[in-house]
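Chemist: Show me how the following folds:
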Amino acid sequence: MPDFKIPDSSPMLPRRALVVTGTFLLSVLLYVDRVCISTAKGPITKELGLTDTQFGWVLSAFAIGYALFQTPSGMLADRIGGRKILAGIVTIWSVFTGLTSLAWNYWSLLIIRFLFGAGEAGAFPGMARAVYSWIPTRERGLVKGINFSGSRLGAAFALPVLATAIESLGWKQTFLVLMAVGCLWSVAWWLWFRDDPKDHPNISPEELAYIIAHRQSGADTTPPGKMPIRHMLGSSGLWLMMTQYLFANFTTFFCLTWLYPHVKATYHLNSADAGLYSMVPLLGGALGNVLSGWLVDRIYATGRHALSRKLPAIVGFLLTAVGMVMSVQQSTVGPAIFWLTLAVFGVDMILSPSWSFCIDIGGKHAGQVSGTMNMAGNIGSAIIGPAFPALLAWTGSANVFFYIIAVCSLAAAACWIFADATKRIADLPV
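Modeler: Next up is the predicted model:
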């Protein structure tokens, strides 16, 4: 577990702790903006005359835009650094969050949400690049866990809060408020953050020396040389990460998009109650992120680098499989939410090891490599957008969907058995 301590001679809060705070808040904002459209499904579909299938494609349009721009935005993050990429992309996606309120029909909403997804694509690769430069390797697991816990906390608390805001302000005004919040974060990040801790005016000499001594070899802001795509895709480790992340996003994207309307319709709840129940699995996911990140660092500290990535992820996917199967055996909302919470707790255990793994094997190309993994994951998201309502209409129940998720989770656990975080892509033969 990172201690974020500097010698007693310096009274300042460690600057890298503030980097973690900034990226945590970004992760919260990222998912508040993302789940807002799911919470607003009722008024949006009513006003624009959309069917559930069309709304599913709107959700998928975001995932497609998000997936397609992952690798390019990761490459850009590696080239220009986390300061420019994060300030820029948060501004872009915030603008498209606001523009969502101007959609007048199905096609306009589809295009806006595609561009919104493309704008969000650089967020986590940009954060990965910032972590690579600022965070010592021994602290990386928990830091990534904290980052991703922000996404779940943001989504969890957004569900009931946004439901209330949409009912009181209207869905269009709610999207405009979120646009303003995102632009404020961008300004604050640009003014405070620096790509290399050596360039930060307020960092203490003691903390700077500690970061440089303990961060990954080569972790500075010197732009990396080009990594050919064929070289990167020659890494079996990256292919395994892409596969397991695609399967993981089946569960994740369902919870961020269809969980709220599914719980509301299945158990005949009002908007407020559905929001409260739907936030519980996401809170479980936040806990899974932090616990997994702590476990990654604890195992790493014992000298077992590969196991520190494998074990939390394998356990997480097994829990997801069990939770998904058991959730469909329940006839009331409380027990069903309990098992879904276990499933989301499990799937979120894989986030810290997955992104730590990509930073490990990517090095200076951490943004590009992690972005490529995230691209594959969001292909899974794009599938789930229209697939869930289609399966529901075809079978008349969500059971088949949940069983498919359980099988995919077991396959993802198997991927980790063969993954090796010590094989850096830069060291592989071209």
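
Chemist: which stretches of the stretch 301-430 of the chain form strands?
Modeler: Assigned by DSSP state E, counting those that start in this stretch, the strands in the stretch 301-430 of the chain number zero.

Chemist: again with the stretch 1-150 of the chain
Modeler: According to DSSP E, counting those that start in this stretch, the stretch 1-150 of the chain contains no strands.

Chemist: got any ranges where it has weak pLDDT?
Modeler: Applying pLDDT under 70 to the stretch 1-150 of the chain picks out residues 1-13.

Chemist: Let me see the contact set for Phe345.
Modeler: Contact analysis of Phe345 by C-beta atoms under 8 Å, 6 or more residues apart in numbering lists 281, 284-285, 287-288, 316, 319, 323. For the C-beta atoms, the positions are set from N, CA and C on the backbone; glycine is no exception.

Chemist: Cys183: which of the residues you listed is nearest?
Modeler: Of all the contacts of Phe345, Cys183 sits closest to Gly285, with 27.4 Å by C-beta to C-beta.

Chemist: Just list the residues touching that closest one, thanks.
Modeler: 149, 152, 156, 255, 344-345, 347-348.

Chemist: Could you export the contacts of Phe345 to TSV, including columns for pLDDT and distance to Ser271?
Modeler: Formatted as TSV, the contacts of Phe345 follow (pLDDT from 0 to 100; distance: C-beta to C-beta, whole Å):
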residue	pLDDT	distance to Ser271
Pro281	90	17
Gly284	90	22
Gly285	88	22
Leu287	90	25
Gly288	90	27
Gly316	96	31
Leu319	97	30
Gly323	95	25
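
Chemist: Can you select the buried ones among those for me in ChimeraX?
Modeler: A single ChimeraX command selects the buried members of the contacts of Phe345 (16 or more other C-beta atoms under 10 Å):
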select :281,284,285,287,288,316,319,323
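
Chemist: Can I get the contacts of Gly285 in JSON lines including distance to Leu59?
Modeler: Formatted as JSON lines, the contacts of Gly285 follow (distance: C-beta to C-beta, whole Å):
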{"residue": "Ser149", "distance to Leu59": "23"}
{"residue": "Arg152", "distance to Leu59": "18"}
{"residue": "Ala156", "distance to Leu59": "18"}
{"residue": "Cys255", "distance to Leu59": "12"}
{"residue": "Val344", "distance to Leu59": "18"}
{"residue": "Phe345", "distance to Leu59": "23"}
{"residue": "Val347", "distance to Leu59": "18"}
{"residue": "Asp348", "distance to Leu59": "20"}
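
Chemist: what ranges of the stretch 301-430 of the chain fall below the confidence cut-off?
Modeler: Applying pLDDT under 70 to the stretch 301-430 of the chain flags residues 426-430.

Chemist: Tell me which stretches of it form helices.
Modeler: Assigned by DSSP state H, counting those that start in this stretch, the helices in the stretch 301-430 of the chain fall at 305-327, 333-348, 351-362, 366-395, 399-417.

Chemist: Deepest-packed of the ones you listed, please.
Modeler: Of all the helices of the stretch 301-430 of the chain, helix 351-362 carries the top mean neighbour count, a mean of 29, counting by mean count of other C-beta atoms under 10 Å.
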